[in-house]
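kindly generate the corresponding structure for this input.
(chains A and B)
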Amino acid sequence: MAIRKPLDFVTGLVLFSGALFMFVESFKISQIQQIALGPTFFPRLLLGAILVLSFCMILQSFRGSEKTSAKGVGGMNHEGALLQGGFIGALLLYILCLPIAGYALCTFLFCFATMCLLGARSAKRVALYAGASAVTALGLEYVFGTLLNLFLP
Amino acid sequence: MFAELGQIAYVFTPMTLLVMACGVFGGLAVGAMPGLTSTMAVALLVPITYGMSVELGLCMLVAVYIGSISGGLVAAALLNIPGTPSSVATTFDAYPMAQKGQAGKALAYGVIASFLGSLLSFFALMFVAPTLGAFALRFGSYEYFALVVFALTCIISISKKSILKGLLAACVGMFMAMIGLSNVDTISRFTFNSLALQSGIDVMPVLIGMYAISQILDEIRRIKDPFSIMQGATFTPREFADTAKTFGKHKKNVLRSSLIGIGIGILPGVGPGLSNIVAYTQAKAADKNPESFGTGNPDGIIASEAANNASTGGAMIPLLTLGIPGDATTMMMLGAFMIHGIQPGPLLFRDHASLVVIILAAYFVSNIFMLLLQMQFIRILIRALSVPREILFPVIAALCVIGSFALKSNMFDVWVFFIMGIVGYILVKVDFPLLPLVLGLILGRMAEKEFRTSWVLGGDSLAGFLDRPIAFVFLALALISVVFSLYTLRRSRSHNADTIPE
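Numbers count the residues shown, from 1 in each chain, chains lettered A, B, ... in the order given. Here you go, the predicted structure:
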């Protein structure tokens, strides 16, 4: 029996394993003080439903035509995937650096790096990106930090 | 509530008017940009409201909501790309009309129809919401649990491709709501000894991540494909006045489309995205010359724009009266209400009647702003279409980080936003609907609390549901909606199988 919808199969499997893990974890929840059905009843009910439904999804992935399966990354060009990966990597670095280097500097670097990554890289454009990044970083810090008095990372 | 009518004056203070004008304009600009939805507009501007009073913050969000739904018209008419999903049907006739050199006329029809749709929706909101709110005061645990089940099944039923995936998404969302201290007996669940998880997963970072980051990631794929903006598009006040003079002959269409918009908007999870298509189809069916639709018929633009704007008021009715959001954008607004310490629902009308009056007045004034700003500044909105996306996306991401962090000044929420953004993108790619997941997260705790309370009230059984007609009706409707959607799905599949050529 061949898997006709591989993405559905993997998703179903991930959800099934996750739900099973959480179901086992639910036995570690303290049950000393119990009011009306207990704190584990509803989560277990939901986990049970996820287990059954994801199992159905796994079974369904063996049936039907590939045409009707999830669109997945089909149709995605190589360059598009690289840009997405680059954007995610830059965002991850940005979040990691925020508590260390502060909002304005990190935002400037993140905006500049991603603008260069996503757009054309001529000298004129790079200068535009630097300007736009500086305005964004300083503008957001001024509006949220100074004007609206919010805490920034 | 009528005793609080004096609160209307709050909306007319200079500061509130300024904030609302900025909100409508910001919403129009974001809505005009292809790929940026009204949900994203609210997500981006929510952090600005953190530093405001509840009243001012909510006035701004209402303004952004109305502006962003209306903004989709510009891209639909000039790019043939719907600025938001709510203006898909607008492209069918607005773009052909613009191609004939009547871009100004197409925009004028859209602007006037949007205004009239919103106006009718305002009256529906004003009269239906207090009545429904008063009725909902009779709701107890049984009714609330049944209502949550009904709202979730409504959304699952419209999962176009797979009800199984819709159900799974709703269960996963509800399970995510179980993480943290349980609200009945305050027992720590699934926290893995993490202090940050004790208070559970906040809705706002999840919403911002799922609707903003996953959308940016999707748009990045197409970043190298430039838009071709129609050259020489104009919009003059004279053109607007000329169109307004002849608008009387479309009043039937406006009324029908607005009623469709309001009706669809009220249903949980079904908002402007569907109403514009339904209204367009109905307008076409009712027209004496249906083949003219798709070639630049003004009635096509009017139907779509009146319906999508009318559904904003419709979507706000269940939000304000029952605490159940009507669509993804009102879901975002529900999160904003909660941030400001307000729980929408029937008690809102009793305990915060002044706030309800302010929201209604803000809705009305925002519509006036929407009309005036579109008339005066549509040329600026046309220019907004040409903002390079490589500049736009990093700025949006930086704003989203503030939106997630500023909520509790907590880096944990920024991580939730990041992870949920990627998860949201993957889910969309594997055809999982996001709406049931997010609604499950919002309503999960309420469902658990009301279910457990119902169990206690029923003497350790669920027999109590049988004695509560309202709850029983909601549960029956939930069952009918699932069975009906399963039936239609099966029928359309067998129809497709029959029509596939050998």
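
by contact count, what packs against the longest helix along chain A?
Ranked by number of residues, the top helix in chain A under DSSP state H is helix A:78-101. The helices and strands touching helix A:78-101, judged by 3 or more CB pairs under 8 Å, 6 or more residues apart in numbering or on different chains; DSSP states H and E, are helix A:103-118, helix B:214-220, helix B:389-405, helix B:411-429. Yep, even glycine has a C-beta here, placed from its N, CA and C like the rest.

pLDDT at the residue nearest the centre of chain A, what is it?
Compute the mean C-alpha point of chain A, and by CA atoms, centre = their mean the closest residue is residue A:88, 9.0 Å away. At residue A:88, the pLDDT value in this model is 95.

OK, contacts around it?
By CB atoms under 8 Å, 6 or more residues apart in numbering or on different chains, residue A:88 lies in contact with B:217, B:422.

wait, is residue B:185 part of a helix?
No - applying DSSP: H, G, I helix; E, B strand; the rest coil, one finds residue B:185 to be coil, outside a helix.

so for residue B:176, which of the helices and strands packed on helix A:78-101 sits nearest?
Ranking these by proximity to residue B:176 (CB to CB) places helix B:411-429 first, at 9.4 Å.

what angle separates the helix or strand where residue B:452 lies from helix B:411-429?
Assigned by DSSP states H and E, residue B:452 belongs to helix B:434-457. With axes from the mean of the first three to the mean of the last three CA atoms, to 10 degrees defining the directions, helix B:434-457 sits at 110 degrees from helix B:411-429.

which secondary structure elements does helix B:434-457 contact?
Using 3+ CB pairs under 8 Å, 6+ apart: helix B:434-457 touches helix A:41-60, helix B:141-157, helix B:163-178, helix B:203-208, helix B:328-339, helix B:411-429.

most neighbours per residue, which of those?
Comparing those by mean neighbour count (mean count of other CB atoms under 10 Å in any protein chain shown), helix B:203-208 ranks first with a mean of 27.

how far away is the closest residue to residue B:90 other than its chain neighbours from residue B:310?
Nearest residue to residue B:90, sequence neighbours excluded (CB to CB, 6 or more residues apart in numbering or on different chains): residue B:76, at 3.9 Å. Plainly put, residue B:76 is 17 Å away from residue B:310 if you go by CB to CB, to the nearest Å.

more neighbours: which of these two?
Using other CB atoms under 10 Å in any protein chain shown as the criterion, residue B:76 and residue B:310 rank with residue B:310 on top: 36 against 33.

and the nearest residue to that one once chain neighbours are set aside, what element?
Residue nearest to residue B:310 in three dimensions, not counting chain neighbours: residue B:261, with 2.9 Å by CB to CB, 6+ apart. Under the criterion DSSP H and E, the helix or strand holding residue B:261 is helix B:251-266.

ok, now residue B:73?
Counting by DSSP H and E, the element that carries residue B:73 is helix B:54-79.

and the angle from that helix to helix B:328-339?
Put simply, helix B:54-79 runs at 160 degrees to helix B:328-339, going by the same axes, to 10 degrees.

check contacts around the nearest residue to residue B:393 once chain neighbours are set aside.
Distance criterion CB to CB, 6+ apart; nearest residue to residue B:393, sequence neighbours excluded, is residue B:216 at 5.0 Å. With contact set as CB under 8 Å, 6+ apart, residue B:216 has these partners: A:87, B:393, B:396-397.
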